[in-house]
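[1] model this:
(one chain, ligands or ions: 1)
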Amino acid sequence: MSEQELKALRLRIDALDEKVLELISERARCAQEVARVKMASLAEGEVPVFYRPEREAQVLKRVMERNKGPLGNEEMARLFREIMSSCLALEQPLKVAYLGPEGTFTQAAAMKHFGHAVISKPMAAIDEVFREVAAGAVNFGVVPVENSTEGAVNHTLDSFLEHDMVICGEVELRIHHHLLVGENTKTDSISRIYSHAQSLAQCRKWLDAHYPNVERVAVSSNAEAAKRVKGEWNSAAIAGDMAAGLYGLTRLAEKIEDRPDNSTRFLMIGSQEVPPTGDDKTSIIVSMSNKPGALHELLVPFHDNGIDLTRIETRPSRSGKWTYVFFIDFVGHHRDPLVKGVLEKISQEAVALKVLGSYPKAVL
Ligand SMILES: O=C(O)C(=O)C[C@]1(C(=O)O)C=C[C@@H](O)C=C1
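    Here you go, the predicted model:
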């Protein structure tokens, strides 16, 4: 390519950037107007709701449907995600608590869902995220709920039994683990590998094959593992890109998870009910009486009405020995007439039923 051609193309990019800049600013001014309208239409004593997950899902879907490339749909939606995040911050800066410390996959999930314009607050444990949301110190919390290799995150399920929370969104993240070392690590004398227990389990076969005799030490998070390695010469950590970047570690081996499709699903929790979008999921907790056929009775109404169950999990109820609660996710919104009917039918048989929330299916 000649210098001349390059110069001409860069001039074109400059001109386009000016247009993009003007359009983004116009969009931001529009969001400010939206905020004004929301404030103006409030009833006496009503608090304004600036964050609208159902609208955000619609905006992102529309972008993906209309995108003609060359940027991929996900990439384009990611850019719009950030624009919307900044527009919302003009209306109201959201505060979001997540399972920390900084650099965890939960932080990456929070950024994927809310964008980077939120004020994020790392918490030391899942229960603390719930408590922070319950206390009203933040608008939303982000917690992991299930992993495709290792199954349910029981701390999260149990916290739903203790706190009244509304689920207002979900996000799925492909989880890639790397073996990370610091600049002082002697890579031929690694005697200890730190990571979160779930991550050690997700890389079990790889560790058995490559480091069978090295001690595996479970710590509170992958980010904590990365932090520890920084100051030690004989240890390595298993963690993801964010933690590697944050603590300046290098990848001794990349993508070492046993299953290439290893993914974790995260939930956004808060107190805000989300209206239907037409493409939603609902999460409920149900406890049934301890009698034969109870689970069957619970599942039949879903089957009879053609409602797609996406997950069912069992946990001890904590209110009696050998009694259980079921966590069920299914497709649909609790305000859909069909779903309403199913929930009414189940409540007749159940000891207790609680709708944890209906929320748009993950777009990104
Ligand atoms: O449509 C709204 O209600 C807005 O506030 C605008 C907007 C946006 O930027 O598109 C911003 C924040 C909301 O969460 C949803 C959408």
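
[2] what helix or strand is the closest residue to Lys354 other than its chain neighbours on?
    Once flanking residues are discounted, Lys354 sits nearest to Ile285: 4.8 Å by CB to CB, 6 or more residues apart in numbering. Where you see a C-beta, it was placed from the backbone N, CA and C, and this is true even at glycine. Taking DSSP states H and E as the definition, Ile285 sits inside strand 280-288.

[3] residues making contact with that strand?
    160-161, 167, 170, 267, 274, 294-295, 297-298, 310, 317, 323-334, 339, 343, 346, 349-361 (CB atoms under 8 Å, 6 or more residues apart in numbering).

[4] quick one: the next helix or strand after it to strand 280-288, angle?
    Under the assignment DSSP H and E, the closest C-terminal helix or strand after strand 280-288 is helix 294-304. Angle of helix 294-304 versus strand 280-288, following axes from the mean of the first three to the mean of the last three CA atoms, to 10 degrees, is 150 degrees.

[5] Which helix or strand lies directly C-terminal to helix 294-304?
    Going down the chain from helix 294-304, the next helix or strand is strand 309-316, by DSSP H and E.

[6] Let's see the pLDDT reported for Ala28.
    pLDDT recorded at Ala28 is 98.

[7] I meant Met242, not that one.
    On the pLDDT scale, Met242 gets 92.

[8] what helix or strand is it on?
    helix 241-247.

[9] Could you do Phe130 as well?
    Per DSSP H and E: helix 126-134 holds Phe130.

[10] Please list the residues outside that helix that contact it.
    97-99, 121, 123, 138-144, 153, 155-156, 159, 162-165, 269-271.

[11] try 6 Å this time
    Helix 126-134 is contacted by residues 97, 99, 123, 138, 141, 143, 155-156, 159, 163, 269 when judged by CB atoms under 6 Å, 6 or more residues apart in numbering.

[12] what residues does the stretch 251-364 of the chain put near the ligand?
    The stretch 251-364 of the chain has no residues near the ligand, with proximity defined as CB under 6 Å from any ligand atom.

[13] in the stretch 251-364 of the chain, which ranges drop under the pLDDT threshold?
    320-322 (pLDDT under 70).

[14] can I see the domain layout of this protein?
    Domain segmentation of the chain under automatic domain parsing yields 3-39+50-174, 178-261, 274-360.

[15] From Val37, how far off is the most centrally placed residue in the chain?
    Centroid-nearest residue in the chain, with CA atoms, centre = their mean: Phe266, separated by 3.2 Å. As for Phe266, its distance to Val37 is 32 Å (criterion: CB to CB, to the nearest Å).

[16] Ile346 versus the residue nearest to Lys354, what's the distance?
    Distance of Ile285 to Ile346, computed by CB to CB: 11 Å.
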